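In: got a predicted structure here, sequence first:
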Amino acid sequence: MEREETATKTGQILLTGQEISARLKELAHRIQTAYADADRVVVVVLLSGAKHFADQLFTLIDDDKFQLTYVKASSYGDGFTSNGDVEIKGLDKSALADKEVLIIDDIYDSGLTMARMIDAVSCAKPRSIRTCVLLVKQTEHTRQVNIDFKAAVVDDCFVVGFGLDYGGQYRELPFIARLEIVAARIPENS
Ligand code: IMP
Ligand code: MG
């Protein structure tokens, strides 16, 4: 006897490591140009998905006026989609008053996470708020958010790699790929 279980694997590669590197160089240039006149910029990075992206990006920028800070944003849902309940932990609002703030996330999907972050940062009365993501997913965003900086656009599918995970898996991949669900037949006695 066998039982059927679902498993996941990486599918089509949407962005290779080389393509990501080229996009990050362009993005770094655009961010530096946009903040050329700023003395100090507080960069709020959403853990865990955006950490790898932000760390790589700011290695290219190499300017100490950008101060990286990290907050934990968790959205709850079925593993693939957010149910709109976004919890933010570790945001020090006192450090944002009258500052230029750049919020960084891995992907703009429903928009609920970024919208919630913008609301939370706005309460701290910053001088400006800008947004940056590695990926914009081509989908109907539940909340429309202005994304100031993006590295790439991907189709409406679940993607993993370069920091993006599924259940904690696949973050370390150097490329971005579609996630595929596969059916696996498991012997009953295993
Ligand atoms: P949003 O709130 O739906 O825009 O999604 C934002 C968060 O959901 C991101 O910070 C990711 O953590 C996660 N997410 C959305 N789509 C994907 C995906 O395709 N792969 C991995 N994580 C995703
Ligand atoms: Mg996230």
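Out: That came through fine. Ligands and ions are numbered 1, 2, ... in the order given.
In: helices along the chain, start to end?
Out: Remark: helices assigned in the chain by DSSP state H are 17-34, 51-61, 112-122.
In: tell me what the last one is packed against?
Out: When you say that, I think you mean helix 112-122. On a contact count with 3 or more CB pairs under 8 Å, 6 or more residues apart in numbering; DSSP states H and E, helix 112-122 meets strand 41-47, strand 66-77, strand 82-89, strand 100-108, strand 128-137. Placement of C-beta: from N, CA and C, glycine included.
In: what helices or strands is the first one leaning on?
Out: Using 3+ CB pairs under 8 Å, 6+ apart as the contact criterion, the neighbours of strand 41-47 among helices and strands are helix 51-61, strand 66-77, strand 100-108, helix 112-122.
In: residues in contact with R178?
Out: By CB atoms under 8 Å, 6 or more residues apart in numbering, the contact list for R178 reads 10-12, 14, 155, 157-159.
In: swap the cut-off to 6 Å and go again
Out: Neighbour list for R178: 11-12, 157 [criterion: CB atoms under 6 Å, 6 or more residues apart in numbering].
In: now these as JSON lines including neighbour count, distance to D109 and pLDDT?
Out: Listed next are these as JSON lines, based on neighbours: other CB atoms under 10 Å; distance: CB to CB, whole Å; pLDDT from 0 to 100:
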{"residue": "G11", "neighbour count": "16", "distance to D109": "18", "pLDDT": "96"}
{"residue": "Q12", "neighbour count": "11", "distance to D109": "18", "pLDDT": "97"}
{"residue": "C157", "neighbour count": "16", "distance to D109": "11", "pLDDT": "96"}
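In: and which of those is nearest to ligand 1?
Out: C157 (7.0 Å; CB to the nearest ligand atom).
In: please name the nearest non-neighbouring residue to that closest one.
Out: R178 (5.0 Å; CB to CB, 6 or more residues apart in numbering).
In: partner residues bridging the one you found?
Out: V159 (DSSP bridges).
In: show the pLDDT at it.
Out: At R178, the model reports a pLDDT of 98.
In: in the chain, which helix or strand is least confident?
Out: None of the helices or strands of the chain scores lower by mean pLDDT, DSSP states H and E than strand 82-89, at a mean of 81.
In: packing partners for that one?
Out: Strand 82-89 sits against strand 66-77, helix 112-122, with contacts defined as 3 or more CB pairs under 6 Å, 6 or more residues apart in numbering; DSSP states H and E.
In: any bit of that strand sitting next to ligand 1?
Out: Yes: contact between strand 82-89 and ligand 1, assessed by CB under 6 Å from any ligand atom, occurs at S82.
In: so which residue is smack in the middle of the chain?
Out: D106 (1.1 Å; CA atoms, centre = their mean).
In: list the contacts of that one.
Out: 49-50, 53, 134, 163-164.
In: quick one, phi psi at the closest residue to it other than its chain neighbours?
Out: Counting by CB to CB, 6+ apart, G49 is the residue found nearest to D106 once chain neighbours are left out, at 3.6 Å. Dihedral pair for G49: phi -60, psi -30, per degrees, to the nearest 10.
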